[in-house]
Every structure is written in C-alpha cells, then in structure tokens.
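Asker: Provided below are the primary sequence and the corresponding predicted coordinates.
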Amino acid sequence: MFIINCPYCGEREQSEFKAGGEAHIVRPKQPTELSDDEWAEYLFMRKNIKGIQLERWVHIHGCRKWFNMVRDTSNDQIHAVYKMGEKPPIK
Amino acid sequence: MLKYTTSINDTKIFDNLKIFETSPIMKLIVRGKSREFISSVGKSLNILLPNEPNTSSSGANVTALWLSPDEWIIYANEINSDDSNSYIIESELINKISNTGLGAITDVTDQFVMLNLTGEKIYDLFMKGSPFNFNEFKKKKGAVTQTIINKIDVIIHNKNDAEVNLFVRRSFSNHLWSWLNDSARFI
C-alpha cells in the first residue's frame, strides 16, 4: 500500500487509482504517412524503464481526473505529481 | 412520471449506529467550468458551488457536494413527494445551464441511492472496509470524499457530528447494504 497525492483531492490510498502507462507520448501528426513499423512503434513500444519514469495515472475511484506522476519503478517512490498539460518538474 | 421504487427500504439499528435509506431524494450532477456557469448555478439555487476540494455548501433547499474541479452533485434537503418526478430546480437549471451551453445537468435521482448513517460508530464501520483516512474528515462538518468501501465506489458527506449521508450506485446498493449490516455486528 502506498499513498498518492492526487493534484485535485489530496492524499489518497493507491487502490483508488489506476495506472495509465507511460506519459508524454506524442501522436504522430500524419498517421497515414507512417509505415506499419513506425505506427507499431507509436502504438505499442514503451521504454519500460527501471528507475525514474514519467507516467499517467487516473484517480478512478475519486475525482476521475487524469494526471502525471514521476515514479521510480524500482522502489515505487513518487518524486512528483503534476497536472495534465504541465511540464515534468524533473528531467 | 416515474414510479420511484426504493432499493433498500429498510432501517437497521445497532449499538450506537442507525442506517436507513432516504428516498426519494432529488439528486443532480452538474458539470461545467466557466465563471458564468458557477454564478448561474449559484443564482438558480441560491447557494455557491464549493470551490475548495472535498467540501460542500448547504442552502435552504439543496446541498452541493464537490466531486471534482468541474463536477458537483446537488441533492435536495427534503424528501420529494412519491408520485412526482418533475423537479422545479432541475427544469430551471436545464433552462439556464444546459440550454445556454454553459454546462451539463444530469438527473441521477435513480442512479444513486442515499443512505443516512447516524451514531458514534459510523467511522469504525467505514474503517473496516475503506482505505480512506477519516481522522480529519470526521472533525470537519461538511467534508466530502469519494472513496471505496469494500471495493464499492461511494460518496460520503459529513453532514453533522456523527451523521453522514452516503451515496452509492443503485446496482451496488444491496451489496453495500449487506456488507454494512454484516460488518456492523462486529463493532
């Protein structure tokens, strides 16, 4: 069990949240001009970092808002939480 | 006109704890972001929609609970008459909000079941199945939270000292009711 600080509701338990995968993946501007490999790269390929990762999360059993999180995947330590559309606070 | 049939229709009394379903109570979800939306809802209802997270505001007829930065649930303070499903407040809001494109109004009277819990043991009961920390919540009158109890989504409104209103989706209401009754035996 760990506590997540929802940017809208405050500190809540992790079971109220749902993870949404890697954050800041930009959709290609012209999908029709991509090859299948490039499209598959965008759709399926994720970095799967061991260490500090930028992720999307949703407070699904609370305010149902999406937000971003900087989390260390090796020890679940949360370094920062920031709203959608904002720049990540650390690189 | 809808014939509202209650989902639970029961009252249980335990040691320092009483649970019953309050119905039929009008409930509305209002959604919107702009300033005009907030002031327009405020004028129609004669209350200010709470801006601060996890809080509520109460007027003479209705209470508004904060759900998310652009979503509130509004419920009537008094029980509606049995055979009527047309609410003055709703039609006024639809005219002023939905029809002008400021926001959205949804009638969730039949979607949510409102349980009223009174007694000193209510938080002991919640603690048995919820990950939420109620320590601050129970001291603050008017506090609101959306959380899970026994894996069921609920909205809890701290109405008074040792009195809360709990909203649960109708399809989960019987399940939650059974769980509350079962767990209440052991507190």
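Answerer: Perfect, I can see it now.

Asker: can we go C-alpha only for contacts and neighbour counts from here?
Answerer: Will do.

Asker: Let me know the pLDDT of residue B:22.
Answerer: pLDDT, residue B:22: 88.

Asker: tell me the phi and psi of it?
Answerer: Residue B:22 adopts backbone torsions of phi -100, psi 120, taken as degrees, to the nearest 10.

Asker: is it in a bridge, and if so with what?
Answerer: As for beta bridges, residue B:22 partners with residue B:114 under DSSP bridges.

Asker: Next, count neighbours for it.
Answerer: 19 (other Cα atoms under 10 Å in any protein chain shown).

Asker: Kindly report the same for residue B:130.
Answerer: 18.

Asker: Tell me if I'm right that it and residue B:153 touch.
Answerer: No - the pair residue B:130 / residue B:153 is not scored as a contact, 10.1 Å apart, by Cα atoms under 8 Å.

Asker: any common contacting residues for these two?
Answerer: Shared contacts of residue B:130 and residue B:153 (Cα atoms under 8 Å, 6 or more residues apart in numbering or on different chains): residue B:147.

Asker: Is residue 54 part of a helix or strand, or is it coil?
Answerer: In the absence of a named chain, this looks at chain A. strand (DSSP: H, G, I helix; E, B strand; the rest coil).

Asker: which non-adjacent residue is nearest it?
Answerer: Closest residue in space to residue A:54, ignoring its immediate chain neighbours: residue A:70 at 4.7 Å, by Cα to Cα, 6 or more residues apart in numbering or on different chains.

Asker: element containing the one you found?
Answerer: Applying DSSP states H and E as the criterion places residue A:70 in strand A:66-72.

Asker: what's that strand in contact with?
Answerer: Taking Cα under 8 Å, 6+ apart as the rule, strand A:66-72 contacts A:6-7, A:23, A:50-59, A:77-84, A:88.

Asker: gap between it and the chain center?
Answerer: 5 Å (Cα atoms, centre = their mean, to the nearest Å).

Asker: Need the residues that contact the helix or strand following that strand.
Answerer: Sequence-wise, the next helix or strand downstream of strand A:66-72 (DSSP H and E) is strand A:78-83. With Cα under 8 Å, 6+ apart as the test, strand A:78-83 has contacts from A:4-7, A:66-72, A:88-89.

Asker: Which of those residues are buried? Put it as a ChimeraX command.
Answerer: To isolate in ChimeraX the members of the contacts of strand A:78-83 that are buried, counting by 16 or more other Cα atoms under 10 Å in any protein chain shown, one can use:
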select /A:4,5,6,7,66,67,68,69,70,71,72,88
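
Asker: The contacts of strand A:78-83 into CSV, with extra columns for pLDDT and distance to residue B:183?
Answerer: Formatted as CSV, the contacts of strand A:78-83 follow (pLDDT from 0 to 100; distance: Cα to Cα, whole Å):
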residue, pLDDT, distance to residue B:183
A:4, 95, 28
A:5, 95, 29
A:6, 95, 29
A:7, 95, 33
A:66, 96, 33
A:67, 96, 35
A:68, 96, 37
A:69, 95, 36
A:70, 95, 38
A:71, 94, 36
A:72, 94, 38
A:88, 90, 44
A:89, 87, 44
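
Asker: Tell me the one of the contacts of strand A:78-83 nearest residue B:29?
Answerer: Closest approach to residue B:29 among these (Cα to Cα): residue A:66, at 19.7 Å.

Asker: returning to what we had before: dump the contacts of strand A:78-83 to JSON lines, plus distance to residue B:27.
Answerer: Rendered in JSON lines, the data for the contacts of strand A:78-83 read as follows (distance: Cα to Cα, whole Å):
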{"residue": "A:4", "distance to residue B:27": "30"}
{"residue": "A:5", "distance to residue B:27": "29"}
{"residue": "A:6", "distance to residue B:27": "26"}
{"residue": "A:7", "distance to residue B:27": "27"}
{"residue": "A:66", "distance to residue B:27": "25"}
{"residue": "A:67", "distance to residue B:27": "28"}
{"residue": "A:68", "distance to residue B:27": "32"}
{"residue": "A:69", "distance to residue B:27": "34"}
{"residue": "A:70", "distance to residue B:27": "38"}
{"residue": "A:71", "distance to residue B:27": "39"}
{"residue": "A:72", "distance to residue B:27": "42"}
{"residue": "A:88", "distance to residue B:27": "39"}
{"residue": "A:89", "distance to residue B:27": "40"}
